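Asker: next input, structure requested:
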Amino acid sequence: MPRNTRVATKLSEKHWQALQFIDEGKMSLREIAKHLGWEPGTLYDLYEGDVEKSGQTGILFKAEVSKLSQKNLKRIKDLTCDNKALCLRMINDFLRRKMSLGYQSDDDVKQIVSVYNALSKSTAGVEIHNTTFSYIKGLSAEERVHEYIKLRTLAEGSSVRGVSTADRVDQVDQ
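Answerer: So this is what the prediction gives:
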């Protein structure tokens, strides 16, 4: 695990070992703490970055955990995309062979549906990237307030049955 030299001076060797075990993902936090001779609460406080209980070390540890999480999320996303592409190719080949036979059994159809459902559940239908900042970019303060009121009104109105959104907008404007 590469270590940032500025952070490395603040974290002990046991902290780096804990981070390495967290990165491997083979043990729970409780098991890692036991392996290192710590109380589980100590590792939980470090993991959460609790300043009151773990001080500056907790902040640094939490920052390293966040880096690991981002790295793992990217790795998982890449693997998922790769697996999805491979799976789609296999399904395509399978379907082409089955369709060339002219006869598909009920088991074949069930197998195709099962694979398709698993594939659909494993990936998000819509990926939302960092749109928060681009959404309000270029809006004046007054336009942002108006946009906030509009979105809040829509959110509140969607959960209340029998009251139209137009009535809600009139109430907010007054």
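
Asker: can you map out the helices along this structure?
Answerer: Listed in chain order, the helices found in the chain under DSSP state H are 5-8, 13-24, 29-36, 40-48, 51-101, 106-122, 132-136, 141-159, 165-173.

Asker: mean neighbour count and mean pLDDT added to those helices, as JSON lines?
Answerer: All C-beta spots, glycine's among them, are computed from the backbone N, C-alpha and C. Conversion of the helices of the chain to JSON lines gives the following (neighbours: other CB atoms under 10 Å; pLDDT from 0 to 100):
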{"stretch": "helix 5-8", "mean neighbour count": "11", "mean pLDDT": "44"}
{"stretch": "helix 13-24", "mean neighbour count": "16", "mean pLDDT": "91"}
{"stretch": "helix 29-36", "mean neighbour count": "16", "mean pLDDT": "90"}
{"stretch": "helix 40-48", "mean neighbour count": "18", "mean pLDDT": "87"}
{"stretch": "helix 51-101", "mean neighbour count": "13", "mean pLDDT": "85"}
{"stretch": "helix 106-122", "mean neighbour count": "11", "mean pLDDT": "77"}
{"stretch": "helix 132-136", "mean neighbour count": "9", "mean pLDDT": "53"}
{"stretch": "helix 141-159", "mean neighbour count": "12", "mean pLDDT": "76"}
{"stretch": "helix 165-173", "mean neighbour count": "12", "mean pLDDT": "51"}
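
Asker: walk me through the domains of the chain.
Answerer: 5-122, 132-173 (automatic domain parsing).

Asker: so how far is the first one off the chain centroid?
Answerer: The gap between where domain 5-122 is centred and where its chain is centred comes out at 10 Å by CA atoms, centre = their mean, to the nearest Å.

Asker: quick one, what contacts the closest residue to Phe61 other than its chain neighbours?
Answerer: Among residues not flanking Phe61 along the chain, Leu46 sits closest, at 4.3 Å (CB to CB, 6 or more residues apart in numbering). Listed by CB atoms under 8 Å, 6 or more residues apart in numbering, the contact set of Leu46 reads His15, Ala18, Ser54, Thr57, Gly58, Phe61, Lys62.

Asker: what's the closest of the residues you listed to Gly37?
Answerer: Taking CB to CB as the measure, Gly37 lies nearest Ala18 of the contacts of Leu46, at 11.0 Å.

Asker: so how far is Glu64 from the closest one?
Answerer: 9 Å (CB to CB, to the nearest Å).

Asker: with Thr42 instead?
Answerer: Look at Thr42 and Glu64: by CB to CB, they are 16 Å apart.

Asker: go on, Arg75?
Answerer: According to CB to CB, Arg75 stands 16 Å off from Glu64.

Asker: same question for Asn72.
Answerer: Remark: distance between Asn72 and Glu64 (CB to CB) = 13 Å.
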